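S.K.: coords please:
(2 chains)
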Amino acid sequence: MTRVENVKERKPSPLSRFMPDEMAKRDGAGAERTYVGEVVESSTTELIAEARELHGGPSFGEFIRIEADLPVLGIIFNVFTHSIEPNRRPTAYGKTEEELRLEQPQIFELLRTEFQALIIGYLDGGAPVQILPPQPARIHSFVHLCTDEEVRAFTGNDDYLRRILNTSKVPTDELLIAVLRHTLRAHEHSRDYLVRMGKELSRLMGDDYDRLSSVIRRVAN
Amino acid sequence: MAKSKGDGATAKTRGEAIGVITKGSLVEGLEMKLDSAQNVEDMKAGKFVVIEGDKNDFFSMVTDMRLDAKNQEVLLHPPGREDDILRKVLAGTSTYNIVSLRPMLMMPKGAVDDDGPRPVKAIPSHFSEVQEAMEHDVAKIFGKEGDPEGRYFSIGNPLDMDTQVCLDMIRFAERSNGIFGKTGTGKSFLTRLALCGLIHYDKAVNLIFDMHNEYGFKAMKENGSSSTFVKGLKQLFGERVAIFSLDPQSTRARGVQADHEVYISYDQITVEDIAPLQDELRLNPTAVESAYLVYAIYKERWLRTLLALEGPDVEEFAREIGAHAGSLVALHRKLKRLENFPFMVSKVTDGDVVDRIMEYLDKGINVVLEFGQQTSMLCYLLVANIIARRIHEMYVKKSERFYATQRTEDQPRQLMITIEEAHKFLNPTAAKQTIFGTIAREMRKYYVSLLVVDQRPSSIDDEVLSQIGTRITALLNDEKDIQAVLTGVSGTEGLRSVLASLDSKQQALILGHAVPMPVVVKTRDYDTQFYKDMGCLDDLPEAERKAKIDKGTVALYGDN
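M.R.: Here you go, the predicted model:
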């Protein structure tokens, strides 16, 4: 019983820096909800967006919502930072970031952070639909982080797990763990929820008991 | 659920869903996947559940459970003790529990009350929900005590439930019945319960051969170190029970006055009464033949004549009557043992005891025949045989008269004869010779049936066992005994495990004629509440008791 509650209390977890505090800042009442990125490449199954700030992309496994008539929902499966110029790579200077910012602030203008999201569904009149959207998100639409409430609504049933397990490009298990940790937080670390999702995973993973036990263990930690 | 009267009540009183049916067959029984929220430890063998099919409700009994896993990997690397969440995740998915159910009865949904449960001829479809049975389910099947006919007598509660399981006393009385169980499992209590039911509801008059003096007056209740006493039939039913004693001294020593003392004269013993004693007396077949020779000449005085002889005269006597000297000497020697019984007299003074018993039985008074200290098997066999044979003869005559006249007043009362250590009377050899074998086989034709109490049912003749209507069985371990108890019952595979897993106290499996389906019960407490239910006034508070007596007096003599 104590295990999940422990999860809650154990602050210096690997992802905690990217989770509750950051979230609180973003979801804080009264704070203007700002976008985290802008779509630059879009398809039915996934999209790429540029982060508003350098190194300011959402975390791996987070839920995002792309503003539109039918807001599209996705989960982050890849965040990367690279040079604006495809043919020019940043050079190593042997200095800390702070030193560099003082001495050569311009080089940071030549970099940008982008993130890739797996599309998992959309909102139809506010109600979550766990089906790929009829139309992809439009280029230049803004990307917002989902609130806990939205995450809860979307992950109330377990269909999203199947979508994650069925993607081939990404390290599925890692993504699964990250997503489950985010949803678990949205569900207030409910142990029952974790058990329910675990049971669904057990069904989806079929005979792969090793994989299941590793995922469950890492989510619960 | 269907729309019928009382439906509102039915719908909301259904028990908790405990699983779904996944596979099975009519012949082999059904399998249920236990809901992962349920604990497999709550599923006890013998538990009573209802399968809710599309058109019928199936009343079923839990017969077996199994732990199962989807793949071997889980079993090879089980989650650690502290890995609580993983255990929970696996429960019901990779690792699951299968519970075997045996459907016993089915009832169309929304059937009106008189359209009772029927034997199972169908099975529910896939994924039909299984629920815990509720009180009204049990009542629908087993009836409820207190019906106007006095048909139902509560014998206990189903496992883990607080409701009555009733025996249909009319059906119970009309066939021979058996009460089985290892020693110390409560056979005597079960028997006493059944007898109380028969007497209280007046469904049969009883003749009880009480070998261990347990039924008439007080009996000891074993509960671990301390022993207490419980009331006997005489205390509960007063005038409606008469105690006959073979050993009046012993009866008096226990503080009871027998209603009648039993003496048997030599002339009342026939060769047929001796024949079943072959085992006990170690007689060989020629000895019995010699006895017939003596009987041929001296008729009913045969035994008196034989026993009057002394040692050397016997051989001469044998020559006279043309019997084999050796065997007649052996017969004489062995029958001499009978002379030691205090109840054997050369002439009975106050009338034939069997006539007296018959008189009581005719009046509807139940007779308990106590053996006092005469507990030898020889004595029990001899006396029970002599009396039962004569009673049976009289009943045959009475029934024949009734068949001739067809007048209801000539109809004999249903008689139930209780015998203990029944395998002595009913083993394959004895069953052919004793009257009890005949009674068990002829059954209700002559209004006489048996209540067989025994701890070794496997020794009872198969032919007799198969005629036993209702079996009330406490714990049995021996495979042969279990086999024997289930002889002549269909669909017994599941019951075997149930029978072997009963508690050793206060639990019994009831199956057969008097119950619509086999059921495991926690037997009713034999306590003050029970005495009260049986109409015994002794333990009531003074005022209440007085009120009751007054009421009885008014009913009898009018109000003045």
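
S.K.: all the strands of the stretch 101-250 of chain B, residue numbers only.
M.R.: B:118-119, B:129-132, B:152-158, B:165-168, B:177-180, B:205-210, B:219-223, B:226-230, B:241-245 (DSSP state E, counting those that start in this stretch).

S.K.: and these: which comes nearest chain A?
M.R.: Smallest distance to chain A across those (Cβ to the nearest Cβ): 19.2 Å, for strand B:129-132. Every residue, glycine included, has its C-beta placed from N, CA and C.

S.K.: name the residues that touch that closest one?
M.R.: B:14-21, B:32, B:47, B:49-52, B:60, B:101 (Cβ atoms under 8 Å, 6 or more residues apart in numbering or on different chains).

S.K.: returning to what we had before: got a markdown table for the strands of the stretch 101-250 of chain B, with mean pLDDT too?
M.R.: Output for those, formatted as a markdown table (pLDDT from 0 to 100):
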| stretch | mean pLDDT |
| --- | --- |
| strand B:118-119 | 84 |
| strand B:129-132 | 91 |
| strand B:152-158 | 87 |
| strand B:165-168 | 88 |
| strand B:177-180 | 91 |
| strand B:205-210 | 89 |
| strand B:219-223 | 67 |
| strand B:226-230 | 73 |
| strand B:241-245 | 88 |
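
S.K.: so which residues on chain A come close to chain B?
M.R.: By Cβ under 8 Å from any Cβ of the partner chain, the residues of chain A that approach chain B are A:1, A:3-4, A:191, A:194-195, A:198-199, A:201-203, A:207, A:209-210, A:212-213, A:216-217, A:220.

S.K.: of those, buried ones?
M.R.: Neighbour-count burial (16 or more other Cβ atoms under 10 Å in any protein chain shown) applied to the residues of chain A next to chain B gives A:4, A:191, A:194-195, A:198-199, A:201-202, A:209, A:212-213, A:216, A:220.

S.K.: let's have the strands of the stretch 101-250 of chain B in a markdown table, adding mean neighbour count.
M.R.: Below are those laid out as a markdown table (neighbours: other Cβ atoms under 10 Å in any protein chain shown):
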| stretch | mean neighbour count |
| --- | --- |
| strand B:118-119 | 12 |
| strand B:129-132 | 19 |
| strand B:152-158 | 23 |
| strand B:165-168 | 25 |
| strand B:177-180 | 28 |
| strand B:205-210 | 26 |
| strand B:219-223 | 14 |
| strand B:226-230 | 11 |
| strand B:241-245 | 24 |
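
S.K.: these: which one's closest to A:Pro136?
M.R.: Set against A:Pro136 and scored by Cβ to Cβ, these come closest in strand B:129-132, at 43.7 Å.

S.K.: partner strands of the closest one and their direction?
M.R.: Strand pairing for strand B:129-132, using DSSP bridges, gives strand B:17-25 (antiparallel), strand B:48-52 (antiparallel).

S.K.: any idea which helix or strand comes after the shortest one?
M.R.: Following the chain from strand B:48-52 toward its C-terminal end, the next helix or strand by DSSP states H and E is strand B:56-69.

S.K.: so is that next one next to chain A?
M.R.: No: using Cβ under 8 Å from any Cβ, no contact is recorded between strand B:56-69 and chain A, whose separation bottoms out at 9.2 Å.

S.K.: parallel or antiparallel, which strands does that strand pair with?
M.R.: For strand B:56-69, the paired strands and their directions (DSSP bridges) are strand B:48-52 (antiparallel), strand B:95-108 (antiparallel).

S.K.: and residue 73, what pLDDT?
M.R.: Assuming you mean chain A. A:Leu73 is assigned a predicted lDDT (pLDDT) of 93.

S.K.: my question was about chain B
M.R.: 81.
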